[in-house]
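>>> I need the structure of the sequence given here:
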Amino acid sequence: MGRFLATGPFGGTSPHSRFLFDLAASRTGEPVALLGAEYSWFFALEFSPDGMWLASVNVGNFTLWNTRGLRSIVIGRQEPPFITLAFTPDGHLLSTSDRGPLRRWPISFASGEGVQTLWSRPGVATGGYLMMDPGGRSAVLGARGTDEIIFVPLDGSKPVSYQVKARTGTTIGAHGYSLDPSGRFVAMAVGSLGHPDQTGIRILDLTTGDERTLDTHPKGEERCEKTGSTYEGTGIPVWLRDGRLVSDGDAGLRMWDLATGTGRLLRPCKETPRDFFELLATPDSRLVLRLDPSYQQGSVSSLSVFDLTWSTTREITSHGNMLTAFTVDMSSTILVTGGLDGIVRVGPLTGEEPRLLFGHTGRVSSVAVSPDGRWIASGSDDGTIRLWPMPDLSKPPLQTLPHSELLARLKSLTNLRAVRDPSSDTGWKIEIGPFPGWKDVPTW
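Below you'll find the model as predicted:
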């Protein structure tokens, strides 16, 4: 049985009507639209015997499509904003958003499964706060701007809701959630408007419901935030895979001794330039990444890496300054980011030039890498959830090639040419040039 199915309207001239279906994709996967001279009269589609090429026949020309090239597939849709993704240890994909339920998506047709809704409650915004238990038993959601945490077992058991305790007569808000390696403890930054003494890191025991608080207020002259500011005394926590807890904020980057409730300074504080920042620890527990994201045109993001072994910080600038999401693969060597420009970038965590993955038409709000490192998932404000094959990072990205070499590479792949056309709305049009044939079939 072949892997691909191609469809098109025989004798038709409808635009955007030819599609390539990947039969190995999940049931929810959407077909890829084949773009080209779609207004010419269409007659036939035919695959090559090895399945690597698809030919489409039109009046006056035919087109060859490579079916084995790397491309993304839309595996589903979720209402934005803040679509957030996480892979389960067995390779399923979880998604949520500020307006959507918690769903589980299969990424393989072989599983025979469809999408499942695991939890839903209208009006509760959980985008941005989805945590996966490393043991694969449960997912944990944080309700944006509230004191609620929702524990969702993945075996179908009833979800459990927790309310973070607040002092009588006050309300408390939580953000910056992080789940420990055992899946038992959730650490979060908490605060109460007008009550700075309640600011700190709260640790919730999901088994007993007990809570404890770590004081994240700076001592002496350590502080970066102004007295009375929104982020005075704030500390954003992140658990390391080895069980240690780190935080960053007004009192600087700190390693916590949970037995004594005290924090050791690793790096001086950095003023929060925007609404908030995010922390991420690599799976090998060696590095802590901090992203100060860009959430609107004109704002500039920054991404830094702190080495816990050598106590050094470096900035990553190769992914640009419009970043809105980031993650690291299980090998702790590959960095994946999403941007305000809709581009997913994939490159070595050491900071070399990344590969660029185009497909989204809106801000990328979340990225995730499958446990086996084969797939990248991305969610966007365009409402789509895309699945991308992990690119081969041993080859140089196209945008790093010298201009002459880049043009030669592109010309070897296609006889389509972009030429200037003053009558077009874009100022350009696509022309089909002569096809001389390939002495050596190009590879992608």
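>>> just for the stretch 101-250 of the chain, where's the confidence low?
Low-confidence segments of the stretch 101-250 of the chain, defined by pLDDT under 70: 109-112, 221-222, 228-230.
>>> recalculate using a threshold of 50.
The stretch 101-250 of the chain contains no residues with pLDDT under 50.
>>> ranges for the strands of it?
116-119, 130-132, 138-142, 148-153, 160-163, 173-179, 185-191, 200-205, 211-214, 235-239, 245-249 (DSSP state E, counting those that start in this stretch).
>>> could you list everything the residue nearest the centre of the chain pairs with in the sheet?
Central residue of the chain (CA atoms, centre = their mean): V367, 0.9 Å from the mean position. Note on V367: beta-bridge partners S378, judged by DSSP bridges.
>>> tell me the pLDDT of it.
Listed pLDDT for V367 reads 98.
>>> so can I have TSV of the strands of the stretch 101-250 of the chain showing distance to V57?
Glycine gets a C-beta too; all of them are placed from N, C-alpha and C. Listed next are the strands of the stretch 101-250 of the chain as TSV, based on distance: least, CB to CB, whole Å:
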stretch	distance to V57
strand 116-119	41
strand 130-132	46
strand 138-142	48
strand 148-153	51
strand 160-163	59
strand 173-179	54
strand 185-191	58
strand 200-205	63
strand 211-214	68
strand 235-239	56
strand 245-249	59
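>>> which among these is found nearest to D372?
Nearest of those to D372, taken as CB to CB: strand 130-132 at 15.1 Å.
>>> packing partners of that closest one?
Counting contacts by 3 or more CB pairs under 8 Å, 6 or more residues apart in numbering; DSSP states H and E, the secondary-structure elements packed against strand 130-132 are strand 84-87, strand 93-97, strand 138-142, strand 173-179.
>>> hmm, back to that, wait, which of the strands of the stretch 101-250 of the chain is closest to A377?
Closest to A377 of the strands of the stretch 101-250 of the chain is strand 130-132 (CB to CB; 12.0 Å).
>>> strand partners (parallel or antiparallel) of that closest one?
Strand 130-132 is paired, per DSSP bridges, with strand 138-142 (antiparallel).
>>> show me which residues of the partner strand are buried.
Within strand 138-142, the residues that qualify as buried are 138-142, counting by 16 or more other CB atoms under 10 Å.
>>> now do stretch 53-67
Counting neighbours by 16+ other CB under 10 Å, one finds that the buried residues in stretch 53-67 are 54, 56, 58, 63, 65, 67.
>>> quick one on the thing from earlier: can you say which of the strands of the stretch 101-250 of the chain is nearest to T88?
The nearest among the strands of the stretch 101-250 of the chain, by CB to CB, is strand 130-132 at 6.2 Å.
>>> just name the most buried of the helices and strands packed on strand 130-132.
Most buried of the helices and strands packed on strand 130-132, by mean neighbour count (mean count of other CB atoms under 10 Å): strand 93-97, with a mean of 26.
>>> list the helices and strands that one packs on?
strand 84-87, strand 100-105, strand 130-132, strand 375-380, strand 384-389.
>>> for L416, the count of nearby residues, please.
A total of 14 residues lie near L416 under the criterion other CB atoms under 10 Å.
>>> could you find the closest non-adjacent residue to it?
Spatial nearest neighbour of L416, chain neighbours left out: I430 (5.5 Å); criterion: CB to CB, 6 or more residues apart in numbering.
>>> domain boundaries for the protein, per the record?
Listed domain ranges for the chain are 1-69, 73-389, 407-444 (source: automatic domain parsing).
>>> which SS state does the residue nearest to L416 fall under?
Here I430 is recorded as strand under DSSP: H, G, I helix; E, B strand; the rest coil.
>>> bridged to it, which residues?
In this entry, I430 is beta-bridged to A418, by DSSP bridges.
>>> pretty sure it is touching R417, no?
Yes - assessed by CB atoms under 8 Å, I430 is found in contact with R417 at 7.2 Å.
>>> endpoints of stretch 117-132, how far apart?
Taking CA to CA, to the nearest Å, the first and last residues of stretch 117-132 lie 16 Å apart.
>>> cool, and stretch 346-362?
Terminal residues of stretch 346-362 are spaced 18 Å apart (CA to CA).
>>> stretch 374-393 too?
First residue to last in stretch 374-393 (CA to CA) measures 12 Å.
>>> quick one: mean pLDDT over that stretch.
Across stretch 374-393, pLDDT averages out at 96.
>>> for that stretch, buried residues please.
375-388, 390-391.
>>> ditto for stretch 150-167
150-152, 154, 159, 162, 164.
>>> check stretch 318-329 too.
Neighbour-count burial for stretch 318-329 [16+ other CB under 10 Å]: 318-320, 322-329.
>>> and that stretch, how far apart are its ends?
End-to-end distance for stretch 318-329: 18 Å, by CA to CA.
>>> can you list contacts of that stretch?
Residues from elsewhere that reach stretch 318-329 (CB atoms under 8 Å, 6 or more residues apart in numbering): 278, 280, 282-283, 289, 291, 293-295, 300-303, 334-341, 345, 347, 349, 351-354, 363-369, 373, 378.
>>> mark which of these are buried, thanks.
278, 280, 282-283, 289, 291, 293-294, 301-303, 334-341, 345, 347, 349, 351, 354, 363-369, 378.
>>> nearest to D90 among the buried residues of stretch 318-329?
Out of the buried residues of stretch 318-329, the member with the shortest distance to D90 (by CB to CB) is D329, at 16.9 Å.
>>> the closest one and T67: what is the separation?
Between D329 and T67 the computed distance is 27 Å (CB to CB, to the nearest Å).
>>> just R202 next, same as before
Using CB to CB, R202 is found at 52 Å from T67.
>>> now K165
On the measure of CB to CB, K165 and T67 end up 57 Å apart.
>>> kindly report the same for V419.
In terms of CB to CB, V419 sits 28 Å off from T67.
>>> what do you get for L45?
Taken as CB to CB, the span from L45 to T67 is 12 Å.
>>> quickly list what the nearest residue to W53 once chain neighbours are set aside is bridged to.
Spatial nearest neighbour of W53, excluding adjacent residues (CB to CB, 6+ apart): L64 at 5.4 Å. Beta-bridge pairing of L64 under DSSP bridges involves A55.
>>> so L64 sits against V57, correct?
No - the criterion here is CB under 8 Å, and L64 misses it with V57 at 10.7 Å.
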